[in-house]
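K.L.:
Quick one: sequence plus predicted model below, questions after.
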Amino acid sequence: MSREIRNLAVVGTGNLGARIALQAAYYGYRVSTWDPNPASFDHSMAMSEDRLKTTTRVPTLTWVQLGQAAEKVARCAQLEQALEGADLVIEAIPENLEMKREMYARLDALAPAGAILATNSSSIPVSLIADATGRPELCVNTHFYTLDIGRNLVDVMGSREASPELLEQCAAWVRSIGCVPLTVRKQIHGFCFNRIWRAIKKESLHMWAGGYVDYQDIDRGWMIWSGMDQGPFGLMDNVGLDVVYDIEMSYYAESGDPKDHPPGALKEKVTRGELGTKSGRGFYSYPEPEYKKDGFLKK
Ligand SMILES: NC(=O)c1ccc[n+]([C@@H]2O[C@H](COP(=O)([O-])OP(=O)(O)OC[C@H]3O[C@@H](n4cnc5c(N)ncnc54)[C@H](O)[C@@H]3O)[C@@H](O)[C@H]2O)c1
């Protein structure tokens, strides 16, 4: 049996983890966090500030609201402390199956009995991780998107052993923090909307790396067609090209299909440290990427 969700622990406070912690704290949950790199939370806050300054979308929380929430988030020096009393644990560490399995085994050993273990993985079905624990029936995917810029969506998917009631409990919790759950009824790599976005991302990378078109033209086309203020390459820069690479490798590991292998040119960018917004350079240069400049859509 799962517990009523009052206390949240977030493990990994990088780009996504910190932002999830802030969202839940703002909506009144007691939130404790842990990350082996204590500077990660502030770095993530700084990235949120930058995004809020430049987005044309309505943010999920304003900068002032994020500041209020930040005061309520406990940043713990030890994982054990962060997990004390947790009803729901959200893991947001790098997209690496072995790393996540190791972390889940630790979470299972340290978190209270009955606590739900959720992963923010962008692609991996939690069933591939859940058997590292003694509570696979309490393991779920809760995949958050870029909350800063109003993408208040969460893919929710259970392990093979999870009950429909557990999924409904998780969906209700997602609603209670001002987000919209997209429930997956049958397990699939990439979940609900993220699998749709992945199809666009994969094709965009293939066309750029194959030399068919310039990435700016793909973004231009996407922005004019969709009315969004970013195209797929601007979006990938925000996600982090290292994270994008790991996600594509996770799809490849699942299918073994060479067409799913991310292009070598993407790996080269990661190796050069061109990770996107977080390193100041990815496909574009930051803080003033070309696609935000006047005239980009008219070239
Ligand atoms: N970046 C995105 O837009 C995005 C969107 C949705 C989901 N995700 C997923 O969320 C997860 C985290 O992605 P991110 O973009 O926040 O990554 P990130 O690199 O910004 O943050 C990862 C954090 O995990 C910490 N970490 C590294 N190894 C760890 C370990 N062994 N134990 C605990 N913490 C560890 C790092 O210090 C870092 O702060 C990934 O699974 C990713 O696929 C990312």
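P.N.:
Structure's in. What do you need? Please read these numbers as outputs of a predicted model, since none were measured by experiment.
K.L.:
How about the residues of the stretch 51-200 of the chain by the ligand?
P.N.:
By the criterion of CB under 6 Å from any ligand atom, the positions of the stretch 51-200 of the chain lying close to the ligand are Ala92, Ile93, Pro94, Glu95, Met99, Met103, Asn120, Ser121, Ser122, His143, Phe144, Thr146. Any C-beta I mention is one placed from the backbone N, CA and C, and that applies to glycine too.
K.L.:
Determine the number of other residues adjacent to the residue in the chain positioned nearest to the ligand.
P.N.:
Minimum separation of the chain from the ligand (CB to the nearest ligand atom) falls at Gly14, amounting to 1.8 Å. A total of 21 residues lie near Gly14 under the criterion other CB atoms under 10 Å.
K.L.:
wait, it sits on Thr33?
P.N.:
No. Using CB atoms under 8 Å, Gly14 and Thr33 do not qualify as a contacting pair, with a distance of 10.9 Å.
K.L.:
related to what we said a few turns ago, of the residues of the stretch 51-200 of the chain next to the ligand, which is the most crowded?
P.N.:
Scoring these on neighbours with other CB under 10 Å, the highest-scoring entry is Ser121 at 30 neighbours.
K.L.:
And the helices in the stretch 101-250 of the chain?
P.N.:
Along the stretch 101-250 of the chain, the stretches classed as helices by DSSP state H, counting those that start in this stretch are 127-130, 164-176, 193-209, 215-226, 232-239, 241-255.
K.L.:
Highest mean neighbour count across those, which stretch is it?
P.N.:
Among the helices of the stretch 101-250 of the chain, helix 232-239 has the highest mean neighbour count (mean count of other CB atoms under 10 Å), at a mean of 24.
K.L.:
Who are the packing partners of that one?
P.N.:
Applying 3 or more CB pairs under 8 Å, 6 or more residues apart in numbering; DSSP states H and E, one finds that helix 232-239 contacts helix 193-209, helix 215-226.
K.L.:
average model confidence for it?
P.N.:
For helix 232-239, mean pLDDT is 96.
K.L.:
any chance of the helices and strands packed on helix 232-239 in TSV, with mean pLDDT too?
P.N.:
Formatted as TSV, the helices and strands packed on helix 232-239 follow (pLDDT from 0 to 100):
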stretch	mean pLDDT
helix 193-209	96
helix 215-226	97
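K.L.:
Can I get those in JSON lines including distance to Asp237?
P.N.:
What follows is the helices and strands packed on helix 232-239, written out as JSON lines (distance: least, CB to CB, whole Å):
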{"stretch": "helix 193-209", "distance to Asp237": "12"}
{"stretch": "helix 215-226", "distance to Asp237": "10"}
